[in-house]
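Visitor: no sequence on hand, only this structure:
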């Protein structure tokens, strides 16, 4: 049994990770200030003696005995990370410093949940880990994109200067149960609109592409990365390489929900990437990992989740 800290552990991905770690017999410390996380996401874990919840802001130092750290704390949807842009970049940068300091003090292994947003609006397609990205440093999304890029820099510098045992993954678009219905992410937006027979909102022409991964596949990839030898640090793309246009996604959602919704188009948001598709050759080679859940299957799970939890 390991003592494992998950910062951002009450969020969508964090709560799924906490659940998996508890099920595998570990002691889990869930650190979250509940800005976008929710106690409802972890209610099922409170009865377990191996689970602790700590209401704490990762921008402030924290100390405990710990073997491993998963650093997930940061608002991840545009609505939330643009709500308080200064707070977002502080969470990425100060949060990384505080979690890295804890890892250094405890000689713990630490994984940074970075993002495909470090590639910006990519000029290389699909995106391999060797691509440095095309990011606007002064745009509306910069608080998140550049915050995550800076966090990766901090992880590498703590590795080089202080020999902290680090892992870096870059997470591509992920969906699944415990997503908020109003978080502004495309999968949740389209499903909620379709279930209510409201107009389905697409931005630009709807031809921009994304690659959608189910959360269970992500969690498996994260844990496999944490379990690699200390000399393999990443970064590693964790995502589903099957690429779909947003229009194709909307058509799938309408079909699976038997919705009467009509598609309407609005202007493209600032710096919205036109393409996003991971090259996962490194994950296949080093982690023996690739996603298992196909988009149609995952959407059925999501539609059922939203029906029973938000549209009763």
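Guide: Thanks, I have the structure now. None of the values given here were measured: they were computed from a predicted structure.
Visitor: how deep is the residue lying closest to residue 286 once chain neighbours are set aside tucked in, by neighbour count?
Guide: Leaving aside its sequence neighbours, residue 286 sits nearest to residue 232 (C-beta to C-beta, 6 or more residues apart in numbering; 6.0 Å). Any C-beta I mention is one placed from the backbone N, CA and C, and that applies to glycine too. The number of residues packed near residue 232 is 12, by other C-beta atoms under 10 Å.
Visitor: just to be sure, residue 232 is in a helix?
Guide: No. Using DSSP: H, G, I helix; E, B strand; the rest coil, the assignment for residue 232 is coil, not a helix.
Visitor: per-residue pLDDT, it?
Guide: At residue 232, the model reports a pLDDT of 98.
Visitor: next, the buried residues of stretch 167-174.
Guide: 167, 168, 169, 170, 171, 172, 173, 174 (16 or more other C-beta atoms under 10 Å).
Visitor: widest-spaced pair of those?
Guide: 167 and 173 (20.7 Å; C-beta to C-beta).
Visitor: in the protein, which spans are strands?
Guide: 3-7, 27-32, 51-55, 68-71, 109-115, 165-171, 174-175, 200-203, 209-211, 213-214, 236-238, 243-245, 263-266 (DSSP state E).
Visitor: the fourth one pairs with which strands, and in what direction?
Guide: In this case it means strand 68-71. strand 3-7 (parallel), strand 109-115 (parallel) (DSSP bridges).
Visitor: of the strands of the chain, which is nearest residue 298?
Guide: strand 213-214 (4.0 Å).
Visitor: mean confidence for that closest one?
Guide: Per-residue scores along strand 213-214 average to 96.
Visitor: so where's this protein uncertain?
Guide: Within the chain, the ranges that satisfy pLDDT under 70 run 77, 271, 312.
Visitor: of the strands of the chain, which is nearest residue 184?
Guide: Per C-beta to C-beta, nearest to residue 184 of the strands of the chain: strand 200-203, 10.7 Å.
Visitor: pairing partners for the closest one, with directions?
Guide: strand 263-266 (parallel).
Visitor: how distant is the partner strand from the center of its chain?
Guide: Centre-to-centre, strand 263-266 and its host chain are 27 Å apart (C-alpha atoms, centre = their mean, to the nearest Å).
Visitor: what's the closest non-adjacent residue to the residue of the chain most remote from its centre?
Guide: When distances are taken from the C-alpha mean of the chain, residue 260 lies farthest, 31.0 Å away, according to C-alpha atoms, centre = their mean. Nearest residue to residue 260, sequence neighbours excluded (C-beta to C-beta, 6+ apart): residue 197, at 4.7 Å.
Visitor: look up phi and psi at the one you found.
Guide: phi 60, psi 30 (degrees, to the nearest 10).
Visitor: burial count for residue 311?
Guide: Close neighbours of residue 311, defined as other C-beta under 10 Å, add up to 12.
Visitor: in stretch 206-216, what counts as buried?
Guide: 206, 208, 209, 210, 211, 212, 213, 214, 215, 216.
Visitor: just the endpoints, please. Distance across that stretch?
Guide: Chord length of stretch 206-216, first to last residue, is 27 Å (C-alpha to C-alpha, to the nearest Å).
Visitor: contacting residues for the closest residue to residue 184 other than its chain neighbours?
Guide: Nearest residue to residue 184 in three dimensions, chain neighbours excluded: residue 79, at 3.5 Å (C-beta to C-beta, 6+ apart). Residues near residue 79 by C-beta atoms under 8 Å, 6 or more residues apart in numbering: 182, 183, 184.
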